[in-house]
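Undergrad: test case, fold it:
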Amino acid sequence: MRHALPFRLWILCFDDATYEILRELALPHVQPVLQTDFECEDEQLLHVKANRYQVEYYFTCTPSLISYVLRNHPEVDTITYLDADLFFFSNPSPIYEELGDGSVLVVGHRFPSHLSHLERYGIYNVGLLSFRRDDVASRCLDRWRRQCLEWCYDRVEEGRFADQKYLDDWPTYFPQVIVLKNKGAGLAPWNVANYKLRVDNRQVLVDSDRLIFFHFHGLRQVGKWLYDPGLADYGVRADMRLKQHIYGPYIQELEKASHRLSLFADRFSIRTNSIRGAMKDKCRISIARRIGKKLSAIKMLLRGQLLLVVDEIVV
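TA: Just a heads-up that it's a prediction; the model follows:
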């Protein structure tokens, strides 16, 4: 809404509660897609569903969701798939300027040399992909969908990984596949160490490119005010620019969204078994583990591996 008007955003809801909440929120330009409506048109997808773990089924659905929108909305000329953990900081128009007359746009992981071994999971990231409604994009999307239906698992095997490793040969296999060059699009924990970040007039610059979107892969809330950004997994320490100008705004938006969604808690809560009736020895273990986790969190905070967020201030 801040950066990309006009747009239409289709959200695939993997449970009824998500669908109903989105319907009640009635967010502008957002169209929730009920899982059963999405699946009823696709017998092949339903056939493989029983043989995939939940996250593997999510991966399997990626190309099928893009196909679903294109099939049901003939007026759509260009469609962009987005992972749910992306956050936009500025207008995405430079992305489409690079796409130009191309058919498909992909974004590289851009791993630094010391993380090059992670290319076993894919040279390109599925987080953002754009497809035109043309013959090349259609052939690329159909091939990707067939591959995911055949094999899409959360492991590396024979040069494949989930829905992502299949992207490796797109630039050589298909003409008109554009590999995005803009450094401000696709900034993520695994590549932020490549660049010099600076802030100019409240706008984050990645080298000389304006930050367009950040991929908040691995971010977890580990306490009431504590967040693990997942940067330590890639050997990155959160400096003040990352904390205050990238992670801070995102966490603030998450907390606002969480407060808004709390209004639906009574009707759409997920009920879990109470642990209060556990045996005393299990309670002692639980307390010991909780103390251990708190001590570990304090150590990580002192090392700069965790973010402390209090009253919208990130330290």
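
Undergrad: Ser64: which element?
TA: helix 54-72 (DSSP states H and E).

Undergrad: next secondary structure after that helix?
TA: strand 78-82.

Undergrad: so for that next one, mean pLDDT?
TA: Strand 78-82 comes out with an average pLDDT of 98.

Undergrad: what are the buried residues along that strand?
TA: Residues of strand 78-82 classed as buried by neighbour count (16 or more other CB atoms under 10 Å): 79-82. From N, CA and C alone the C-beta is placed, and that goes for glycine too.

Undergrad: packing partners for that strand?
TA: Contacts defined by 3 or more CB pairs under 8 Å, 6 or more residues apart in numbering; DSSP states H and E place strand 78-82 against helix 54-72, strand 124-132.

Undergrad: in CSV: those, plus mean pLDDT, mean neighbour count and distance to Arg241.
TA: Formatted as CSV, those follow (pLDDT from 0 to 100; neighbours: other CB atoms under 10 Å; distance: least, CB to CB, whole Å):
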stretch, mean pLDDT, mean neighbour count, distance to Arg241
helix 54-72, 97, 18, 32
strand 124-132, 98, 22, 21
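
Undergrad: turn these into JSON lines, columns for distance to Arg146.
TA: JSON lines is the format used below for the helices and strands packed on strand 78-82 (distance: least, CB to CB, whole Å):
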{"stretch": "helix 54-72", "distance to Arg146": "9"}
{"stretch": "strand 124-132", "distance to Arg146": "16"}
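
Undergrad: for Glu41, find the nearest of the ones you listed.
TA: Closest approach to Glu41 among the helices and strands packed on strand 78-82 (CB to CB): helix 54-72, 7.0 Å.

Undergrad: would you mind writing the CA trace of the closest one as CSV?
TA: Extracted in CSV, the C-alpha atoms of helix 54-72 (Å, rounded to 0.1, in the frame of the first residue of the first chain):
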residue,chain,number,x,y,z
GLN,A,54,3.3,-29.9,5.3
VAL,A,55,6.2,-27.5,4.4
GLU,A,56,7.0,-29.7,1.3
TYR,A,57,3.4,-29.3,0.2
TYR,A,58,3.8,-25.5,0.6
PHE,A,59,6.8,-25.7,-1.7
THR,A,60,5.0,-27.9,-4.2
CYS,A,61,2.2,-25.3,-4.4
THR,A,62,4.4,-22.4,-5.5
PRO,A,63,4.2,-22.8,-9.3
SER,A,64,0.6,-24.1,-9.1
LEU,A,65,-0.5,-20.9,-7.3
ILE,A,66,1.0,-18.8,-10.1
SER,A,67,-0.7,-20.9,-12.7
TYR,A,68,-4.0,-20.7,-10.8
VAL,A,69,-4.0,-16.9,-10.9
LEU,A,70,-3.0,-16.7,-14.5
ARG,A,71,-5.7,-19.3,-15.4
ASN,A,72,-8.5,-17.6,-13.5
